[in-house]
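Novice: Here is my input; please provide its structure:
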Amino acid sequence: MTIRSRRETVKFKHPFRIRGIERTLPAGAYEVVTDEETIEGLTFSAYRRIATMITVPAEGACGATEMLSIGSIDLANAQAADASITND
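Specialist: Okay, the predicted model is just below:
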């Protein structure tokens with residue numbers, strides 16, 4: 001079984017919340033890491049997502065960060081909510 005990690009930067013224009021994180025996070029760019037494992041027994045290469053994590057500012061620690069596990073659907077929902085906010 002092979003595991004690979006994908007890294008991407010996601011940007012939020014507004015403060016946001018993600019289910020499972022008990023605080024509102026500030027607008028900005030966030031690194032998201034997605035771990036995937038190979039699906040064995042197929043005649044072609046395929047992967048399944050096994051973990052999604054986001055790096056966020058640590059609560060109460062100036063300049064420190066922490067990596068928190070989140071759901072990929074919860075991340076997509078937060079991005080959709082951010083995109084739907086109109087700037088009045």
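Novice: What's opposite Ala29 in the beta bridge?
Specialist: Lys11 (DSSP bridges).
Novice: per-residue confidence at the residue nearest to Ser72 when sequence neighbours are not counted?
Specialist: Of all residues not flanking Ser72 in the chain, Thr52 sits nearest, at 4.7 Å (C-beta to C-beta, 6 or more residues apart in numbering). To be clear about C-beta, it is placed using only N, CA and C from the backbone, and glycine gets the same treatment. pLDDT for Thr52: 96.
Novice: residue ranges for the helices of this structure, please.
Specialist: Assigned by DSSP state H, the chain shows helices spanning 72-84.
Novice: what about the strands in it?
Specialist: 3-12, 28-38, 47-57, 65-70 (DSSP state E).
Novice: looking at the ones you listed, which is closest to Ser84?
Specialist: Proximity to Ser84 (C-beta to C-beta) singles out strand 3-12 among these, at 12.2 Å.
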